[in-house]
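Q: From the sequence below, what's the structure:
(2 chains)
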Amino acid sequence: MRVRTKAGVWFLYALVLFVFVYPLWTLVATVFSRRQARLGELMTVPHGLTGGNVSAAWHLGVARGLLNSLIVVAVGLTLQLTVSSLAAYALARKRFTGANLVMLAILATMMMPEEVIAIPLFQVLGKIHQPFTGGTLVNSYGGLILPLVGWALPVYVLTGFMKRVPLELEEAARIDGAGDLRIFWRIVLPVCRPALGTCAVFGFLMIWDQYLLPLLVSQTPRMDTLTVVVTSLQAAQEQGEGVRLAAVLILAVPGVLVYLALQKLFERGLLSGSLKG
Amino acid sequence: MTAGTRTPAAADADVTVRRRGAPRARPRLRRLGPWLYLAPLLVFIGVFKVWPLIWGVYLSFFHVRPYLGDEYVGTDNYSKLFSDPDLRSAVVHTLLDALIAVSGSIFVGFWLAVLLQGPARHVRILRTAVFLPTVIAMVAAAELWTTLLYPSRYGAVNSLLGHAGLGPEPFFSSPHSSLASVIAMQIWKHAPYDMVIFVAGLASVDREMYEACQIDGASWWQRLRYVTLPSLRPITTIVLVLGVIRGLRVFTDIWVATNGGPAGSSESVVTYLYRQFSQDNDTGYASAIGTSLLAVTVVLTALMLMWRRRGET
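A: Residues are numbered from 1 along each chain as shown, chains lettered A, B, ... in the order given. Model prediction:
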């Protein structure tokens, strides 16, 4: 749409960048500034360069939190994609009574607010015992990861995608005598790579964003994920603003990197259902 | 829900296959086939979604006492819902927050889309940059905003206001502005998301309509008002309704930015629920709040689905 002058448009561009991007830049500048920021201060340019804030935050629990978050994302995402693609294969390729009901039930859980069931979920985790350690799922990686595996969005996206993939390839393989599972693994999954990528981006952001679940499940600093570490640093303000902001920056960066690397996949997924979540 | 539908559906499947005679080599395995693929997902949903759901409903009828055993209290927890003034104000905050933040995001997202639509390279780069607030974790955004809106003259926004001879404003730290500040933060985080949806929506508006506008000599504003907006209406409604339903469960944004305060001025239903559990140790009451919120969500979602289905036919 045409606004009166070119200068006006560029002014609006600048305004938009100032509001949405400049705060993120000041976060970077303040974290790497040698002069410590006052409470609430964010800098346009760093006053001298230092990595001191980052290394201080690193030793105040951020390293452990980052490790935990990476473990949760890696395992959680792998399980989520495996379970979802298996289910999607059945929903897209097998004709069976009840398929529509299952799809409806899965979509219903998509709208189910996880925050609302968080407390009973926490108690359920306390009832489930782990096979080897004998402890419950509370304060364990299992408790942080397993509740995130069953998620409707990837099931929905993958089912839609598999329905559009032509059947010929699979039929050819079946004539050659390949079994169901082999066809799924060797033919269907490779074809679905773009859709899997989309689901991976959304799954990553969803798991990385988790806050209430680790807040409940983690009982010791050793099990805190990065989101919990960041909010507990808020209390330790004697460390200085730079240290707290360094932790915030480390929490923010992975989402940005994943988005920039896989932007195409992300936007496709966003539009395929226009579903927030 | 899933566990409930599973058994009868499986029974249906048996009947159908048997009626058709099941002539293939391994009929039983073939019949079970789809359910084998679905089983892992259904187990995860069953254990970590459905079981907690049922357990939450169960707990809401009890006074939960660690070590002493739970005491059945009937519907006491539910009658407390209606006489609890703190919960009432949390409900009001949640509704205000959901409605204003979601419609505000749509408004800002729409104008961002109008400004940044199209395939040109520089606009694409700008869109990518503007989208960044959406992909950073909510906790990081909320922590950044507590710094941006720090209530002294050194706070980033307040120092800007200072140059204009205004402020310093208290933002998150005053009961009068805490909820509004939370809403501003949420619009900042969600508007770019809506922008991407609207950019796609704008690209799908019928080009012939625009050409007709040009021939008729319609102004930029008239074209926007009578062609663009009506064709975006369906997608806008969906984004609005889904957003509001999702907004009812707001927790992280508020818990990190204001902790529901000051003086409960930004308490939402879920932060209040969590406080009942973590600080007041009233798990039964927390479960009653959760179950009620869930019921409201289910009803609203069902209404939306029905209304959408009617719209399609």
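
Q: mind listing what residue A:126 touches?
A: A:136-138 (C-beta atoms under 8 Å, 6 or more residues apart in numbering or on different chains). For the C-beta atoms, the positions are set from N, CA and C on the backbone; glycine is no exception.

Q: switch the cut-off to 7 Å
A: A:136, A:138 (C-beta atoms under 7 Å, 6 or more residues apart in numbering or on different chains).

Q: mind checking pLDDT for the nearest residue to residue A:118 once chain neighbours are set aside?
A: Counting by C-beta to C-beta, 6 or more residues apart in numbering or on different chains, the nearest residue to residue A:118 once its immediate chain neighbours are dropped is residue A:212, at 5.1 Å. Per-residue pLDDT puts residue A:212 at 94.

Q: Give the burial count for the residue in the stretch 51-200 of chain B that chain A sits nearest to, as a bare number.
A: As assessed by C-beta to the nearest C-beta, chain A sits closest to residue B:150 within the stretch 51-200 of chain B, at 2.3 Å. Residues lying near residue B:150 (other C-beta atoms under 10 Å in any protein chain shown) number 25.

Q: In three-state terms, label it for me.
A: Of the three states, residue B:150 takes coil according to DSSP: H, G, I helix; E, B strand; the rest coil.

Q: ok, so what distance separates it from residue B:172?
A: 9 Å (C-beta to C-beta, to the nearest Å).

Q: ok, which stretches of the chain are strands?
A: You didn't pick a chain, so chain A it is. In chain A, no strands are defined using DSSP state E.

Q: try chain B instead
A: B:62-63, B:71-72.

Q: Just list what the last one packs against, helices and strands only.
A: Same thing as strand B:71-72. strand B:62-63 (3 or more C-beta pairs under 7 Å, 6 or more residues apart in numbering or on different chains; DSSP states H and E).

Q: What strands flank the strand it packs on, and is each parallel or antiparallel?
A: Strand B:62-63 pairs in its sheet with strand B:71-72 (antiparallel), by DSSP bridges.

Q: quick one: average pLDDT of the strand it pairs with?
A: Mean predicted lDDT for strand B:71-72 stands at 83.

Q: What are the contacting residues of it?
A: Taking C-beta under 7 Å, 6+ apart as the rule, strand B:71-72 contacts B:61-63, B:65.

Q: And for stretch B:177-188?
A: Residues contacting stretch B:177-188 (C-beta under 7 Å, 6+ apart): A:20, B:93, B:96-97, B:100-101, B:104-105, B:108, B:133, B:141-142, B:145, B:149, B:169-172, B:253-254, B:257-258, B:261-262, B:265-266.

Q: Also stretch B:151-166?
A: So stretch B:151-166 is contacted by A:26, A:38-42, B:147-150, B:167-171, B:173 (C-beta under 7 Å, 6+ apart).

Q: go again using 10 Å as the cut-off
A: For stretch B:151-166, contacts defined as C-beta atoms under 10 Å, 6 or more residues apart in numbering or on different chains pick out A:22-23, A:26-27, A:30, A:37-44, A:241, B:144-150, B:167-174, B:177, B:181, B:184.

Q: Now, of those residues, which are buried?
A: For the contacts of stretch B:151-166, a burial check counting by 16 or more other C-beta atoms under 10 Å in any protein chain shown picks out A:23, A:26-27, A:30, A:37, A:40-43, A:241, B:144-150, B:167-173, B:177, B:181, B:184.

Q: Show the pLDDT at residue A:234.
A: On the pLDDT scale, residue A:234 gets 65.

Q: Which residue, other than its chain neighbours, is closest to residue A:26?
A: Spatial nearest neighbour of residue A:26, excluding adjacent residues (C-beta to C-beta, 6+ apart): residue A:42 at 3.8 Å.

Q: re the thing from before, let me know which of the strands of chain B is tucked in deepest.
A: strand B:62-63 (a mean of 18; mean count of other C-beta atoms under 10 Å in any protein chain shown).

Q: Return the nearest residue of chain A with respect to chain B.
A: Taking C-beta to the nearest C-beta, chain A has residue A:40 as its residue nearest chain B, at 2.3 Å.

Q: List the residues that contact that residue.
A: A:241, B:146-159, B:168.

Q: With adjacent residues omitted, what lies nearest to it?
A: residue B:150 (2.3 Å).

Q: The one you found is in contact with residue B:143, isn't it?
A: No - counting by C-beta atoms under 10 Å, residue B:150 sits too far from residue B:143 to count as a contact (11.5 Å).

Q: pLDDT weak spots in chain A?
A: A:1-4, A:111, A:234-239, A:269-277 (pLDDT under 70).

Q: which helix in it runs the most residues?
A: helix A:63-93 (DSSP state H).

Q: Just the buried positions in that helix, please.
A: Counting neighbours by 16+ other C-beta under 10 Å, helix A:63-93 gives A:64-66, A:68-69, A:72-73, A:75-77, A:79-81, A:83-93 as buried.

Q: Can you check the pLDDT for residue B:100?
A: Value for residue B:100, per-residue pLDDT: 97.

Q: was I right about it contacting residue B:247?
A: Yes - taking contacts as C-beta under 10 Å, residue B:100 lies within contact range of residue B:247: 9.4 Å.

Q: Please look at residue B:63 and residue B:286 and confirm they touch.
A: No - judged on C-beta under 10 Å, residue B:63 makes no contact with residue B:286 at a distance of 11.7 Å.

Q: that older thread, show me the contacts for the residue nearest to residue A:40.
A: A:38-42, A:241, B:156-159, B:168, B:170-173.

Q: cool, and residue B:92?
A: Residues in contact with residue B:92 (C-beta under 10 Å, 6+ apart) are B:179, B:267, B:269.

Q: Can you get me a residue count around the first one?
A: The tally of other residues near residue B:179 (other C-beta under 10 Å) stands at 23.

Q: What of the one 10 residues further on?
A: A total of 21 residues lie near residue B:189 under the criterion other C-beta under 10 Å.

Q: and it, how far is that from residue B:146?
A: Counting by C-beta to C-beta - residue B:189 and residue B:146 are separated by 14 Å.

Q: Run through the residues that contact residue B:214.
A: residue B:223.

Q: Give me the pLDDT for it.
A: 81.

Q: what comes up buried for stretch A:100-111?
A: Residues A:101-103, A:105-109, A:111 are the ones in stretch A:100-111 that count as buried (16+ other C-beta under 10 Å).

Q: Likewise for stretch B:94-105?
A: B:94, B:97-98, B:100-105.

Q: ok, now stretch A:15-34?
A: A:16, A:20-21, A:23-33.

Q: Which of those fall in helices?
A: A:16, A:20, A:23-31.

Q: picking up where we left off before, the buried residues of stretch B:94-105 also near chain A: which ones?
A: Subset of the buried residues of stretch B:94-105 in contact with chain A: residue B:102, counting by C-beta under 10 Å from any C-beta of the partner chain.

Q: From the buried residues of stretch B:94-105, which land in helices?
A: B:94, B:97-98, B:100-105.

Q: could those residues go into CSV alongside distance to residue B:77?
A: Output for these, formatted as CSV (distance: C-beta to C-beta, whole Å):
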residue, distance to residue B:77
B:94, 19
B:97, 25
B:98, 24
B:100, 30
B:101, 29
B:102, 30
B:103, 33
B:104, 34
B:105, 34
